[in-house]
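[1] how would this look folded up:
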Amino acid sequence: MPRINPEKLLLSKWTARTPANREKHFLVIALYRDDDENVQEIELEAVLTKTCRRLPWQALKDEARWQIGWK
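    Alright, predicted model coming up:
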């Protein structure tokens, strides 16, 4: 499992291991924080289609679904 610092996720690049709808490359465009300023969720934008999805930042730790960088 990769070590991920949630504070440094903004504008990081990710590759989906199993692309859907030709959406393979993603960029983290927003961090959502709780009242204590801890990162809870991120917003990923598909580079090709510009669609966005919001998910917990811990989902990026799943190596079966996500890879760091654009491959």
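[2] rest of the way, CA atoms for contacts and neighbours
    Will do.
[3] so which elements touch whichever strand or helix holds residue 53?
    Assigned by DSSP states H and E, residue 53 belongs to strand 52-56. With contacts taken as 3 or more C-alpha pairs under 8 Å, 6 or more residues apart in numbering; DSSP states H and E, strand 52-56 sits against strand 39-46.
[4] for the strand it packs on, which strands pair with it and how are they oriented?
    Listed by DSSP bridges, the sheet partners of strand 39-46 and their directions read strand 23-33 (antiparallel), strand 52-56 (antiparallel).
[5] now stretch 62-71 - C-alpha only, CSV.
    Presented in CSV, the C-alpha positions along stretch 62-71 are these (Å, rounded to 0.1, in the frame of the first residue of the first chain):
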residue,chain,number,x,y,z
ASP,A,62,-6.2,0.7,-3.4
GLU,A,63,-3.4,-0.4,-5.8
ALA,A,64,-5.9,-2.5,-7.7
ARG,A,65,-7.8,0.6,-8.7
TRP,A,66,-5.3,3.5,-8.7
GLN,A,67,-1.7,4.2,-9.6
ILE,A,68,0.2,7.3,-8.8
GLY,A,69,1.1,9.4,-11.8
TRP,A,70,0.0,9.2,-15.4
LYS,A,71,1.1,5.9,-17.0
